[in-house]
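Student: quick one, what's the 3D model for this:
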Amino acid sequence: MRTVENADMKIADMKIADMKIADKEITDKGIADKRSAYKEIKLIAVDMDGTLVDDEKRIPEENLRALEACAAKGIEIVPATGRTVQGVPKELKALPGVRYGITVNGAVVADLKENRVISSCRLPAGLAVQVMTMARDCGDDVMYDAYVDGVGYTSECFYGRFPQFIQSEALVRLLMSARQAVPDHIAWIRENASYVDKINMFFRDQDARERMRERLGQMPELLVSSSLSCNLEINAAGADKGGALIRLADFLGIARESTMAFGDGENDLSMIRQAGLGVAMANGVPAVKEAAEYVTLSNEEAGVAAAIRRFVLK
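Tutor: Numbers count the residues shown, from 1 in each chain. Below you'll find the model as predicted:
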């Protein structure tokens, strides 16, 4: 298994360390003008949760206006998320520069306007059933579900339990709205699915989470990442946001050096490393901030807009 946190990727030398939160400025460290080091940005890939949206799962108006200005310059705006296509906010899809999406952690690259898949890297249903059966039989309190063709499926016994695993009411509402409850979702997948986009697992105990991660680590056909301290996200090996970014850029005829990516979580790490300019949020996990070439303000402070103004709208 190749885990995101252990991916052997080259980290760019230039790092941003100093941040002036009080006056909403971010300064470079030891670089006179970092902007000159990059090609013209032609594609911006932006994570959703913890990045573009605030903690109430709303897109700050400042971020929307910055993306709108980028679209006016002909820049491709690409949602890059662990969510399905259905989970991409409507106001983001409505922006003129948003046509393509990197979804379910890179398992599916989609044309959002034509509702078609450009590329995919998904789990065979049999393997997904095996993984979910491991969770069911592990003896720990684990809640698990799966995305199939852009729809989340969970068992009826799990549907009302999200508040037991997740503290944020806004996140609970989001997760519940993205799932359909069936009597037994393992049986449903076995009988109805050929492939699974992604499996999600939620834990109340960190030791249980680490035990499961260790077990999954023995399966080379899986890629395990995380976007929350209480979850694991299981994709097919080769399905990550970084690889999806490069495939989409190639599809559009855009050089890697002309791409920009924003993220905060472990599942964003490959994308931050692959992009021509990787930008971490101030609220990001340490590994993402270490890998990024720039650290912007937090998701609560419209950090996406701040970095876009600095590097793109100049």
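
Student: distance of the residue most central in space within the chain from Glu221?
Tutor: Central residue of the chain (C-alpha atoms, centre = their mean): Thr81, 3.4 Å from the mean position. In this view, Thr81 and Glu221 are 23 Å apart by C-beta to C-beta, to the nearest Å. For glycine as for every other residue, the C-beta is placed from the backbone atoms N, C-alpha and C.

Student: quick revisit: hmm, the residue nearest to the centre of the chain is touching Val88, no?
Tutor: Yes. In this structure, Thr81 is within contact of Val88 by C-beta atoms under 8 Å, at 6.7 Å.

Student: any common contacting residues for these two?
Tutor: Residues touching both Thr81 and Val88 (C-beta atoms under 8 Å, 6 or more residues apart in numbering): 48, 101, 103.

Student: make TSV from these and add distance to Asp197 and secondary structure to it.
Tutor: As requested, these are exported to TSV (distance: C-beta to C-beta, whole Å; DSSP: H, G, I helix; E, B strand; the rest coil):
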residue	distance to Asp197	secondary structure
Met48	16	helix
Gly101	13	strand
Thr103	8	strand
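
Student: I'd say Ile308 and Ile44 touch.
Tutor: Yes. Counting by C-beta under 8 Å, Ile44 is a contact partner of Ile308 at 7.3 Å.

Student: any common contacting residues for these two?
Tutor: With C-beta under 8 Å, 6+ apart, Ile308 and Ile44 have common neighbours 67, 70.

Student: shouldn't Ala170 be in contact with Val53?
Tutor: No. With contact defined as C-beta under 8 Å, Ala170 and Val53 do not form a contacting pair (9.1 Å).

Student: out of these two, which sits in the more crowded spot?
Tutor: More crowded of Ala170 and Val53, by other C-beta atoms under 10 Å: Val53, with 23 against 15.

Student: contacting residues for that one?
Tutor: Applying C-beta under 8 Å, 6+ apart to Val53 gives the contacts 59, 89, 299.

Student: in contact with the residue lying closest to Asp141 once chain neighbours are set aside, which residues?
Tutor: Spatial nearest neighbour of Asp141, excluding adjacent residues (C-beta to C-beta, 6 or more residues apart in numbering): Arg204 at 5.5 Å. The contact partners of Arg204, taken as C-beta under 8 Å, 6+ apart, are 141, 164-165, 230.

Student: check which helix or strand covers the closest residue in space to Phe165 that isn't next to it in sequence.
Tutor: Closest residue to Phe165 in three dimensions, ignoring its sequence neighbours and counting by C-beta to C-beta, 6+ apart: Phe202, at 4.3 Å. According to DSSP states H and E, Phe202 maps onto strand 198-203.

Student: all strands of the stretch 151-300 of the chain, in order?
Tutor: 151-155, 179-182, 195-196, 198-203, 222-225, 231-236, 259-263, 277-280, 294-295 (DSSP state E, counting those that start in this stretch).

Student: including mean pLDDT and mean neighbour count, could these go into CSV?
Tutor: As requested, those are arranged in CSV below (pLDDT from 0 to 100; neighbours: other C-beta atoms under 10 Å):
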stretch, mean pLDDT, mean neighbour count
strand 151-155, 96, 20
strand 179-182, 95, 16
strand 195-196, 98, 22
strand 198-203, 98, 24
strand 222-225, 96, 25
strand 231-236, 97, 24
strand 259-263, 98, 29
strand 277-280, 98, 28
strand 294-295, 98, 22
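
Student: quick one: closest of these to Ala125.
Tutor: Smallest distance to Ala125 across those (C-beta to C-beta): 5.9 Å, for strand 195-196.

Student: count of neighbours near Leu112?
Tutor: 17.

Student: could you do Val312 as well?
Tutor: 20.

Student: could you do Arg213 as well?
Tutor: When neighbours are counted by other C-beta under 10 Å, Arg213 comes out with 17.

Student: surely it meets Leu232?
Tutor: Yes. Shown here, Arg213 and Leu232 form a contact pair, counting by C-beta under 8 Å, at 6.1 Å.

Student: joint contacts of those two?
Tutor: Val224.

Student: thinking again about what came up before, so can I have TSV of the shared contacts of Thr81 and Val88 showing distance to Gly253 and neighbour count?
Tutor: TSV is the format used below for the shared contacts of Thr81 and Val88 (distance: C-beta to C-beta, whole Å; neighbours: other C-beta atoms under 10 Å):
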residue	distance to Gly253	neighbour count
Met48	26	25
Gly101	18	27
Thr103	22	30
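
Student: and which of the residues you listed is nearest Leu313?
Tutor: Closest to Leu313, out of all of the shared contacts of Thr81 and Val88 and judged by C-beta to C-beta, is Met48, at 21.4 Å.

Student: thought that closest one was touching Lys93?
Tutor: No. Between Met48 and Lys93 there is no contact under C-beta under 8 Å: 11.9 Å.
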